[in-house]
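Participant: Here is a sequence with its predicted model. Questions after.
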Amino acid sequence: KAKSAGRNGWVFYSADMEEQIVQRREMEKSLREALKEDQFRLVYQPRYDMKAGRVVAVEALLRWHHPLHGLLMPDQFIPLAEETGIIISLSDWVLNTACRDAQHELQGMSVSVNISAVEFQTSGLVGRVRDALRASKLDPARLELEVTENATLWNPQSSLEIMNGLKALGVRLLIDDFGTGYSSLSYLRNFPFDGIKLDKSFVAGMPHSENANNIVENMIGLGKAFSLSITAEGVETPEQLEQLKMYQCDETQGYLISRPMPLEELKAQIEKR
Ligand code: C2E
Ligand code: MG
Ligand code: MG
Ligand code: MG
């Protein structure tokens, strides 16, 4: 089948491409409906403080319970939500739900929320976070926002202003997936971050790869030189935990300590401890 494609004449489409476009439209439509139909849920994964020897914070992770496709993971729908702008209302739902849960169900713990790079291309982020804090009455010091390094690529100057605005609210800022983006020393110096989360790909090589060990040890040292708190992501084995303790990593997160789980399960686990 051929279709006209403007001045270049004819472009050949495959049925596959048409099908993909149709699928994408369907998905976009069901993504919009999902918010109204209350199909999203948050699961929480504990972050473990190595010195205190206990869970001090949890990360909110988004899940979509699709009526036809079942459980969908963020990688399966966040990119489309970002492309279509739906991410803004979706992220509002996440912020409000996480702040409310933290205020009413998770006393004494901080909660962190993942913020998409796309949200730094709009001016509304500071106001949206302020609204979620006000509505929930959560102490801003208990809210942390995780952003990846590429959040600042689009416009470093306006990203810096947004981050300063967020800091002025009293929330903490963490760099997510640290080491996988385009960060440099100036990045750590110029932006008002409170902590970094080392990407799980580095931890995965520990303790058998000498190279991975060195990189992690040095990244922890680098973070400390900038007075940042360091969380290691993706900790799956006791050996990795031991090693990270030796390198004086502040916090760990991963399947070894706990998988992400629904609020009720998390509360039951906390009570048991
Ligand atoms: P992330 O923020 O880096 O979150 C950590 C991911 O690693 C989560 O995947 C978590 O389930 C997984 N994980 C935790 N411990 C381990 C471990 O020991 N081993 C391994 N292999 N994986 C572990 P998940 O929940 O599928 O989320 C994937 C990504 O989707 C997140 O990466 C985050 O970037 C994004 N995301 C999740 N929730 C939201 C949200 O509410 N808003 C936005 N904008 N992005 C979100
Ligand atoms: Mg994260
Ligand atoms: Mg991430
Ligand atoms: Mg990460």
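Facilitator: Cool, got the structure. Residues are numbered from 1 along each chain as shown. Ligands and ions are numbered 1, 2, ... in the order given.
Participant: quick one, strands of the stretch 51-200 of the chain?
Facilitator: Counting by DSSP state E, counting those that start in this stretch, the stretch 51-200 of the chain forms strands over residues 54-66, 70-72, 110-114, 143-148, 172-178, 195-198, given from the N-terminal end onward.
Participant: mind putting those in a markdown table, mean pLDDT included?
Facilitator: Listed next are those as a markdown table, based on pLDDT from 0 to 100:
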| stretch | mean pLDDT |
| --- | --- |
| strand 54-66 | 96 |
| strand 70-72 | 96 |
| strand 110-114 | 98 |
| strand 143-148 | 96 |
| strand 172-178 | 95 |
| strand 195-198 | 96 |
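Participant: Buried deepest among the ones you listed, which one?
Facilitator: Among the strands of the stretch 51-200 of the chain, judged by mean count of other CB atoms under 10 Å, the one packed with the most neighbours on average is strand 195-198 (a mean of 25). For the C-beta atoms, the positions are set from N, CA and C on the backbone; glycine is no exception.
Participant: and the stretch 101-250 of the chain, which of its residues are near ligand 3?
Facilitator: Counting by CB under 5 Å from the ion, the residues of the stretch 101-250 of the chain lying close to ligand 3 are 176, 177.
Participant: Please enumerate the helices of the stretch 101-250 of the chain.
Facilitator: Using DSSP state H, counting those that start in this stretch, the helices of the stretch 101-250 of the chain run over residues 125-136, 156-169, 185-190, 200-204, 210-225, 238-246.
Participant: what's the closest of those helices to ligand 4?
Facilitator: Comparison of those against ligand 4 by CB to the ion identifies helix 200-204 as nearest, at 6.5 Å.
Participant: Report the buried residues of the closest one.
Facilitator: 200, 202, 203, 204 (16 or more other CB atoms under 10 Å).
Participant: ok, and of these, which contact ligand 1?
Facilitator: When CB under 6 Å from any ligand atom is applied, the members of the buried residues of helix 200-204 adjacent to ligand 1 are residue 200.
Participant: Take the strands of the stretch 51-200 of the chain and lay them out in TSV including distance to ligand 2.
Facilitator: Compiled in TSV, the strands of the stretch 51-200 of the chain are given as follows (distance: least, CB to the ion, whole Å):
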stretch	distance to ligand 2
strand 54-66	6
strand 70-72	18
strand 110-114	5
strand 143-148	4
strand 172-178	4
strand 195-198	6
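Participant: Report the residue spans of the chain with pLDDT below the cut-off.
Facilitator: 1-13, 183 (pLDDT under 70).
Participant: For ligand 3, what's the nearest residue on it?
Facilitator: residue 176 (4.1 Å).
Participant: Quick check, that residue in contact with residue 113.
Facilitator: No - taking contacts as CB atoms under 8 Å, residue 176 lies outside contact range of residue 113: 10.6 Å.
Participant: list the residues that contact both of these two?
Facilitator: With contacts taken as CB atoms under 8 Å, 6 or more residues apart in numbering, the residues that reach both residue 176 and residue 113 are residue 146.
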